[in-house]
Each structure stands twice: as structure tokens, then as C-alpha cells.
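# I need the structure of the sequence given here:
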Amino acid sequence: MGPKRDLGRPFNGESPVIPQEETCADPSMGSPLTARRGSPSARRIFLLAIGLAVMAVPALQAQDRPNFIVVMADDLGYGDLSVYGSTLISTPNLDRLASEGIRLDSFYSSANVCTAARGGLLTGRYPIRLDLVSDVARPTNEVHLAEEETSLAEALGALGYSTALFGKWHLGSRLEWSPLHHGFDEFYGVLHSNDMTPLELYRGDQVIEDPVDQTTLTQRYTAEALRFIEANREQPFFLYLPHSFPHVPLFVSERFEGRSRAGLYGDVVETIDWSMGQILAKVQELGLDENTLILFLSDNGPWFEGSPGPFRDRKGSSWEGGLRVPFMARWPSRIPPGQVSTAAVMNIDVFPTLVALAGGNSDGLTIDGEDILPLLTDGTPPSREALYLFNNDRIAGVRSGRWKLVVESFYRQALPSFDNPESYYGPDGLLFDLELDPSETYSYTRENPDVVARLRELLLIGQGELSSVVLPNMWNR
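Residues are numbered from 1 along each chain as shown. Model prediction:
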């Protein structure tokens, strides 16, 4: 393999495989590299340094720092919003968010299931680094976001932000792993998915409802969000609103029942759209509009219902339909209205972007994401060469520009690998031109050997740097 390529900021070190918890220095970056889990000492040093940075720059007053509102739907498909082409579900408020800001048409989740995707969003790191790829967090397992990881809430809290999570956490099903232990000042919501039991509603560390009345969850999350915005109108805040829906089972209140043309699923999505309308109205009412960045996204593709748009497959797969999700950003004073970008971006980019906007930086942490403010404000694409698309602990695809190399799929109970000589498509894999063929229908491996060679080089770099597992056979049952 030749010399390493510049992948932007995905990797801060030189050694391709590093034992868990071992830290080494990269003389070119001057910052530590950790393999899977973050170092507790590195986390403490980072939070101390970021706090000192605020003290050292008194000119960065509270009113100069923007507020952040991040709203995430659960299992919402790319094609489930009218701004993304839905004709059966009406989403005027989310459409407005896009028309008054920017819509990203090639926005990826860092995972094809809930827990890993949320870990990637809140840490800026590929979930394989977080040990969140073996399963989703459940009441019956130990999967959780480790204490030594630095969350976005912790980073922003160290910069003087008030922080709150209202909705679904799903990064640990025990109270000691709750949002309150990861930098959030307030928590109102549930610890895991709404199809898991026991499903209890928490306010802080207290159970206030068991079992949860799911018919009004979206409205109650929204009410808490509006209260928090009003209470923190005079200081910078970070509001994270991860809705429990449209993950199944689906529930909706009488107020929204039967409103859409897409059945119960559509009613649920239109309730989420109503929620966004309430948030937009509150921000404008309080005069916070010009200083508030609002983001909307989904954690992964749709499950049993919902539309992946023109893309192949659904949640749980590493095809486009499982990983490509809606994304919109609105900030009237900074983001010009009516923008649309096809640049490839991922939810791991949210962490470094918001931390930088708050006046901090990610030095001292191994961050895979990139600050995408230039993309949001003037269309400048990220500098990295590739994004890695995962299935559990394996890189299943590499996205670079218009091209996507696929090296793994599903067939019944088997995991076909195209990343070895005995495969039908081995050892090169399937190469898709996402501009010409966004549905990943036909491979152009034969026609583009140079592109294949470049993406395979990037694949090998990623497999080494991230300790990604390589499937041994064509059929892995």
C-alpha cells in the first residue's frame, strides 16, 4: 500500500492498529490518537483546555455565541418529507426550514441503526471507536456511551452553554448512563427505543410515568423544548430534541390522527413537522432567530414503513437507503436561503462544527468529523477524501465524490463479501456512480479501474486506522 492520503481530519496518528485504551503521539498533529475508546485523561484535559479558552477570550460574550437546536427523527426516511419529494405527507414547517436555509442531499448517518448513529452524532467519531457497534443499547445489555467519551453537551457546557435533551437517549439503558452523566443539564424523555420494556418517562433522574403514554410524547417533548428556549433566552443554549418517532410502534394523539394521506406513519411525521413549527415560532417570538442555528436530521433510514426516496434498501443496510437521511440547516444571519448541496457529509460533522461556532476547538480529541460551516454558508465542500459507511464493525462502503465502492451486502441469512478473490465481484467490489445511478443499480467497476484502485486504497487505510473487521469468505453465514 502506498503512502497515506489526506482524509481531512478523520485520523490523527500513524499506527494502523492500536490496542484499546493505548495512546500514542502523532508528531505531525501534536495530539493523541486513541483506537476505540477515548482516554479519560485526554477527556479531562480537553474539557479543562476548552474552559480556559473561554476565559482567555473575554471578547466572546454570551450574546456573540449562537444557540443550537438539533432535532432528530427516529427511522425517518429520506423520502418522507415533502421537501424531499413526498406527495403523501405534508411537512410545511420542515420545508420552510430548508427553503430558509440549506438542504443537504448527500447527508449520511454514521451507522444504519439507532445507538451507533447517536454516538457518532454526539461525539464526532465513527461509532466503531466508541464500542457501540455490537448491538443497540437495550435494558438487557451493557451497551452504552463510555464515561471517558466527550459528548457535544460536555464540550458546549464547558464553553458556557446550557444544555438539555428532551426525547430518546438510546446510549445506555441505565440511569448511571443517562444524559445527565454526559453533560446535559436537563433530561426529559426515555432511555431507549419505544419498542423496548420497561419504557419509563424520566424527568432528570426520576421516573414520572410508567408505562409511558406514547400518544402525546411528541407534544410533551415539544412543550419541554419551548420552556427551555424561553428560560435560556438570555444565554447561549444547546437543545437536543431526538424524537421517539417514527420508530415503531407508532402512536399519535387524537389531534393529529387521520391528517395525512400516508396512514398512521404519515400522521406521526406530520406531528413532528408541527413540532418544528412550534420551535420556529418560539425562536422568532423571543427575537432569537438571527442567532440560532437549527438543524434537522434522521438517525438512519426507514424501517418497515417510510420511504428511502430513490435509494436502495432501508434501515439496517449499508446501501444508500439505510444511511442517507434528510438534513436541513437554518440560521438567517449566516446561512443564505434556498441552498441545496450534494456534497457528501455525515452526522459526525455536527460536533466539530458546533464546537467551533461556540468558540472552542477539538484539539486533544480524535475527531473524525469536519467543520462544515463553510459548506452551510457558501457551499465550500469538506476537504476530506472519503467517508466510511459501516455495517456494525465492518466498513461496507467507501464514498468519495460521486463514487461509492461497496464491499458487503445481505442475502437472506448470509453476508456476502466482495472484498476477497473468491467473491463474484472480488477482489475489487461494486463501484457505483451516484450521480448517474443514485439507486445503486449497476456497477462500473470494469469501466473505472483507476477509481476502484483509489477507493480500495482508501478502504485499506480505513480498515487499518479504525480496526475494521474484514469478512473472510464470499458467504459469511
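
# would you mind confirming that residue 306 makes contact with residue 81?
No - the pair residue 306 and residue 81 does not pass the contact test of Cβ atoms under 8 Å, sitting 10.6 Å apart. C-betas here are computed from N, CA, C, even on glycine.

# quick one: low-confidence ranges for this protein?
Flagging of the chain using pLDDT under 70 yields the residue ranges 1-63.

# what about 90?
Along the chain, the parts satisfying pLDDT under 90 run over 1-64, 362-364, 411-413, 420-422, 424, 477.

# which stretches in it count as helices?
Under the criterion DSSP state H, helices of the chain are mapped to 40-56, 92-99, 114-123, 152-158, 217-231, 263-285, 320-323, 350-357, 373-378, 449-465.

# got TSV for the ones you listed, with mean neighbour count and distance to residue 424 too?
Conversion of the helices of the chain to TSV gives the following (neighbours: other Cβ atoms under 10 Å; distance: least, Cβ to Cβ, whole Å):
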stretch	mean neighbour count	distance to residue 424
helix 40-56	15	44
helix 92-99	21	40
helix 114-123	30	29
helix 152-158	24	42
helix 217-231	20	45
helix 263-285	21	36
helix 320-323	28	21
helix 350-357	22	38
helix 373-378	18	37
helix 449-465	19	15
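
# could you dump these into a markdown table with distance to residue 472 added?
Shown next, in a markdown table, are the helices of the chain (distance: least, Cβ to Cβ, whole Å):
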| stretch | distance to residue 472 |
| --- | --- |
| helix 40-56 | 34 |
| helix 92-99 | 44 |
| helix 114-123 | 23 |
| helix 152-158 | 37 |
| helix 217-231 | 44 |
| helix 263-285 | 39 |
| helix 320-323 | 23 |
| helix 350-357 | 34 |
| helix 373-378 | 39 |
| helix 449-465 | 13 |
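
# out of the ones you listed, nearest to residue 71?
helix 263-285 (6.5 Å; Cβ to Cβ).

# what is that closest one packed up against?
strand 67-73, helix 92-99, helix 217-231, strand 292-298 (3 or more Cβ pairs under 8 Å, 6 or more residues apart in numbering; DSSP states H and E).

# what's the angle from it to strand 67-73?
Relative orientation of helix 263-285 and strand 67-73, computed by axes from the mean of the first three to the mean of the last three Cα atoms, to 10 degrees: 180 degrees.

# roughly how far is helix 263-285 from the heart of the chain?
Distance of helix 263-285 from its chain centroid, counting by Cα atoms, centre = their mean, to the nearest Å, is 20 Å.

# quick revisit: dump the helices and strands packed on helix 263-285 to TSV, plus distance to residue 140.
Formatted as TSV, the helices and strands packed on helix 263-285 follow (distance: least, Cβ to Cβ, whole Å):
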stretch	distance to residue 140
strand 67-73	24
helix 92-99	35
helix 217-231	23
strand 292-298	26
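
# wait, residue 238 touches residue 122, no?
No - with contacts counted by Cβ under 8 Å, residue 238 stays clear of residue 122, the gap being 10.8 Å.

# rewinding a little: looking at the helices of the chain, which is closest to residue 403?
helix 449-465 (5.5 Å).

# please state the offset of the closest one from the chain centre?
With Cα atoms, centre = their mean, you get 24 Å for helix 449-465.

# which strands and helices sit next to that helix?
Looks like helix 449-465 contacts strand 394-400, strand 403-406, strand 430-433 (3+ Cβ pairs under 8 Å, 6+ apart).

# one step back: what's the closest of the helices of the chain to residue 438?
Here helix 320-323 is closest among the helices of the chain (Cβ to Cβ), at 6.9 Å.

# C-alpha coordinates for that closest one, CSV please?
Extracted as CSV, the C-alpha positions of helix 320-323 are listed here (Å, rounded to 0.1, in the frame of the first residue of the first chain):
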residue,chain,number,x,y,z
GLU,A,320,-27.9,4.4,0.4
GLY,A,321,-31.4,3.8,1.8
GLY,A,322,-30.1,2.7,5.1
LEU,A,323,-27.6,5.5,5.6
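
# rewinding a little: and residue 392, which of the helices of the chain is closest to it?
helix 114-123 (8.2 Å).

# now tell me what touches that closest one from outside.
38, 70, 72, 74-75, 109-111, 125-127, 130, 132-133, 135-137, 143, 145, 149-153, 169-171, 182, 193, 240, 242, 247, 299-300, 346-348, 350-351, 390 (Cβ atoms under 8 Å, 6 or more residues apart in numbering).

# report the buried members of the residues you listed.
38, 70, 72, 74-75, 109-111, 125-127, 130, 132-133, 136-137, 143, 145, 149-153, 169-171, 182, 193, 240, 242, 247, 299-300, 346-348, 350-351, 390 (16 or more other Cβ atoms under 10 Å).

# show me the residues you listed that map onto strands.
70, 72, 240, 242, 346, 390 (DSSP state E).

# could these go into CSV alongside distance to residue 383?
As requested, those are exported to CSV (distance: Cβ to Cβ, whole Å):
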residue, distance to residue 383
70, 23
72, 26
240, 27
242, 29
346, 14
390, 21
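
# now flag whichever of those is closest to residue 208.
Checking these one by one against residue 208 (Cβ to Cβ), the nearest turns out to be residue 242, at 18.4 Å.

# since that was my last question, I'll sign off now.
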